[in-house]
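Visitor: The sequence and its predicted three-dimensional model are supplied below.
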Amino acid sequence: SAVDQFKSFVSNTKSAKGEFVQQQIKMVDGNPKVSKTFSGAFVFARPGKFIWTYQKPYEQVLQADGEKLFIFDKDLNQVTIKELGNALGSSPAAILFGSAGAADLDKNFVLKDVPSKQGMEWLEATAKTKGSQFDHIGIGMKDGVPYALELRDQFGQVSLVTLKSMEKNPALKADQFKFVVPAGADVFRQ
Amino acid sequence: CSSLPNANVSSTEQAPKATRNYQETIHLNGKISVRYEHNNKPQNLPGSFEWEQTGNSLQITLFSPVGQTIAKITQNERGALLEQEGKMPQQADNLDQLLADALRWPLPVSGMRDWLQGFVRQPDGSRTALTASDQTIISDGWNIRYASWHESTNSPKRIDLNRYTTSAGEVTLNIFIEAPQNP
């Protein structure tokens, strides 16, 4: 089932990298319309270390080094630093890569199999802690790997994230997840 | 005071500056980072926004860095409505006041109708176009720095607004506006 596949992915895939496309889908007069499309790359290492880089249409980096979450916005040239703790539940990267293993996953999410669609087996993850800003998180599994993520917010807007060319257990540099503040950027600690 | 004629037009300025007319109907996208104080702890909200203005009606949507909707503000002849994730929608006549109370930080929407397009309201209610230069003006109690402009559309690119309020302390709004599609 999708839940079993996702649990074994969380337990066995300690690190991976790849690319993603994210489509923002709004209902306009009853039918879905893609309002924005983002693309970028990701790399992660459990637990709690990931870099989720939006490259297009603008550059923005979400980086977790296991303790802190760094959000860098290139247009504003600003870095926001937050405790990783509660910020974890709110981003696609955190849902897919944040948990240390299946036990940690169970601690944070209730997982349920839902009917398959688009050639994938799907599960639904509901965050146990009230803070998660998504009220619906769907994960589409294919060959044991998460291929799609469906995040619906309370305004009915859906973010459909598709992961591509995922490479498991890639060679990672020792300081791969150490965040370096870009020159001249303003830094705000929260 | 009307804006001074641009006396020091440097020779490098080949293309004549696109004249800037106020657009009653305009769609703007960009980034907004809000800093304010709550329980005297600094709060910083990075995100992006969509500004859809059609005459008097206006819809502003605020997004988190991962594109999830945080708040939707609607204003039309019937009044103003604020929808926030995880909260009940709230209605009011005065939008700026509703936002200051509900968001815990002030979003000066009525002023922004002019400032985002590089205009400022005169005491007599008329609008004056600002020259496209790095300058700071004061309006409605806000210090507004026009740090950079889009050459192509002669419209504002980076605006930093800042003021002190008793409820939100030192408030700073850093705004980056993408060049409007149809200036």
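Guide: Cool, got the structure. Numbering: from 1, shown residues only, chains lettered A, B, ... in the order given.

Visitor: Does chain A have contacts with the lowest-mean-pLDDT helix or strand in chain B?
Guide: Of all helical and strand segments in chain B, the minimum by mean pLDDT, DSSP states H and E falls on helix B:95-103, at a mean of 87. No: for helix B:95-103 and chain A, the contact criterion (Cβ under 8 Å from any Cβ of the partner chain) is not met; the two come no nearer than 15.4 Å. Any C-beta I mention is one placed from the backbone N, CA and C, and that applies to glycine too.

Visitor: what residues does the helix or strand following that helix touch?
Guide: Once the chain leaves helix B:95-103, the next helix or strand it forms, by DSSP states H and E, is helix B:109-115. The set of residues that contact helix B:109-115 without belonging to it, under Cβ atoms under 8 Å, 6 or more residues apart in numbering or on different chains, is B:22, B:51, B:53, B:58, B:60, B:73, B:75, B:95-96, B:99, B:120-121, B:127, B:139-140, B:142, B:144, B:156, B:159, B:161.

Visitor: Which of these fall in helices?
Guide: Using DSSP state H, the members of those that fall within helices are B:95-96, B:99.

Visitor: buried subset of the residues you listed?
Guide: Neighbour counting over these (16 or more other Cβ atoms under 10 Å in any protein chain shown) leaves B:95-96, B:99 as the buried ones.

Visitor: Tell me the one of these nearest residue A:178?
Guide: Of all these, the one sitting nearest residue A:178 is residue B:99; the distance, using Cβ to Cβ, is 38.5 Å.

Visitor: Show me which residues of chain B sit near chain A.
Guide: Checking chain B against chain A by Cβ under 8 Å from any Cβ, the hits are B:30-31, B:33, B:35, B:42-44, B:46, B:64-70, B:72, B:83, B:85-86, B:158, B:174, B:176.

Visitor: What score does the residue of chain A most remote from its centre have for pLDDT?
Guide: Among residues of chain A, the one most distant from the C-alpha centroid is residue A:29; the distance is 29.2 Å, by Cα atoms, centre = their mean. Among the per-residue scores, residue A:29 holds a pLDDT of 88.

Visitor: Now it: phi and psi?
Guide: Backbone torsions for residue A:29, taken as degrees, to the nearest 10, come to phi 50, psi 50.

Visitor: Check the spacing between it and residue A:150 real quick.
Guide: For residue A:29, the distance to residue A:150 (Cβ to Cβ, to the nearest Å) stands at 21 Å.

Visitor: And residue B:77, by the same measure?
Guide: 37 Å.

Visitor: the more surrounded of those two?
Guide: In terms of neighbours (other Cβ atoms under 10 Å in any protein chain shown), residue A:150 is the more surrounded of residue B:77 and residue A:150; the figures are 20 against 7.

Visitor: I'd assumed residue A:123 was in contact with the more buried one.
Guide: No: taking Cβ atoms under 8 Å as the contact criterion, residue A:150 and residue A:123 are not neighbours in contact, 10.7 Å apart.

Visitor: Can you work out which residues contact both of the two?
Guide: For the pair residue A:150 and residue A:123, residues contacting each of them under the criterion Cβ under 8 Å, 6+ apart are A:138-139.

Visitor: Which of the residues of chain B next to chain A fall in strands?
Guide: Cross-referencing these against strands under DSSP state E gives B:30-31, B:33, B:35, B:42-44, B:46, B:69-70, B:72, B:83, B:158, B:174, B:176.

Visitor: Need the pLDDT of the residue nearest in space to the middle of chain B.
Guide: By Cα atoms, centre = their mean, chain B has its centre lying nearest to residue B:112, at 3.7 Å. Residue B:112 is assigned a pLDDT of 97 by the prediction.

Visitor: need the contact list for residue A:40.
Guide: Residues in contact with residue A:40 (Cβ under 8 Å, 6+ apart) are A:19-20, A:22, A:52-56.

Visitor: now do 7 Å
Guide: By Cβ atoms under 7 Å, 6 or more residues apart in numbering or on different chains, the residues touching residue A:40 are A:20, A:53-55.

Visitor: Check residue A:37 too.
Guide: Residues in contact with residue A:37 (Cβ under 7 Å, 6+ apart) are A:21, A:23.

Visitor: Please enumerate the helices of chain A.
Guide: Per DSSP H, chain A has helices spanning A:2-12, A:84-87, A:92-97, A:102-108. These are given in chain order.

Visitor: Many thanks, we can stop here.
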